[in-house]
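Trainee: coordinates only, sequence not included:
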């Protein structure tokens, strides 16, 4: 099956610093990737849709200057949390579509747990 | 607007018993429906999907789901639950004309030994 790798799996940082999370599709080309945020015992909240070679599309209420998304190649998308604060602590999950049209399923990374002190 | 509802926050079932995790949907047009499972501190794993065809869809780990158009439901089922099935289950529908998914709120399944 398709594999999506996410790194790091856990990161702890100080308030005010920036953190970068990488999402890679290992065995397929992903023209579209998605970034989600998940709070404890809650569903996934879509943050943004990342398209290779173009600007990400952010969902309403998501600060694009705080959550920088770059999709520079067909296998890599990055999420940078800038000037992180404790309220940014969360579980971030990326996913990718394999380009099978709207009937194709999403493939998810293992998630990254961010803790901001 | 498209949506999915998972009416149960948690389902408890004894090991060896059949399990059902409920999902209802609201879409315009033909629904593309999915089930995913999430283990603690992990990403989501695909279980199965309904696009078209047979209403009974078989997926990974012995799970199946029945698409019921009249009841707008897509319940996840398994004939005999295992303790290792204990996890968080998400139903999802694809938003029409896009690659975006809309996820339900999740149902925590607890299989008791």
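Mentor: Good, I have the coordinates. This is a predicted model, so every value here is computed, not measured.
Trainee: from chain B, which residue is nearest to chain A?
Mentor: Using C-beta to the nearest C-beta, the single residue of chain B nearest to chain A is residue B:43, 3.7 Å away. In short, each C-beta sits where N, CA and C put it, glycine included.
Trainee: residue A:97 versus that residue, what's the distance?
Mentor: Going from residue B:43 to residue A:97 by C-beta to C-beta, to the nearest Å gives 15 Å.
Trainee: swap in residue A:64?
Mentor: Counting by C-beta to C-beta, the gap from residue A:64 to residue A:97 is 22 Å.
Trainee: and the residue nearest the centre of chain A, what helix or strand is that in?
Mentor: Nearest to the mean C-alpha position of chain A, by C-alpha atoms, centre = their mean, lies residue A:35 at 3.4 Å. Using DSSP states H and E, residue A:35 sits within strand A:32-38.
Trainee: buried residues, whichever helix or strand comes after that strand. List them.
Mentor: Counting by DSSP H and E, the element after strand A:32-38 in chain order, helix or strand, is strand A:44-51. Buried residues in strand A:44-51, counted by 16 or more other C-beta atoms under 10 Å in any protein chain shown: A:44, A:46, A:47, A:48, A:49, A:50, A:51.
Trainee: any chance of those residues in CSV, plus distance to chain B?
Mentor: Output for the buried residues of strand A:44-51, formatted as CSV (distance: C-beta to the nearest C-beta, whole Å):
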residue, distance to chain B
A:44, 5
A:46, 7
A:47, 12
A:48, 11
A:49, 7
A:50, 11
A:51, 10
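Trainee: tell me which of these is nearest to residue A:88?
Mentor: In terms of C-beta to C-beta, no member of the buried residues of strand A:44-51 lies closer to residue A:88 than residue A:47, at 11.4 Å.
Trainee: that closest one against residue A:36, yeah?
Mentor: Yes. Counting by C-beta atoms under 8 Å, residue A:47 does reach residue A:36; the two are 6.3 Å apart.
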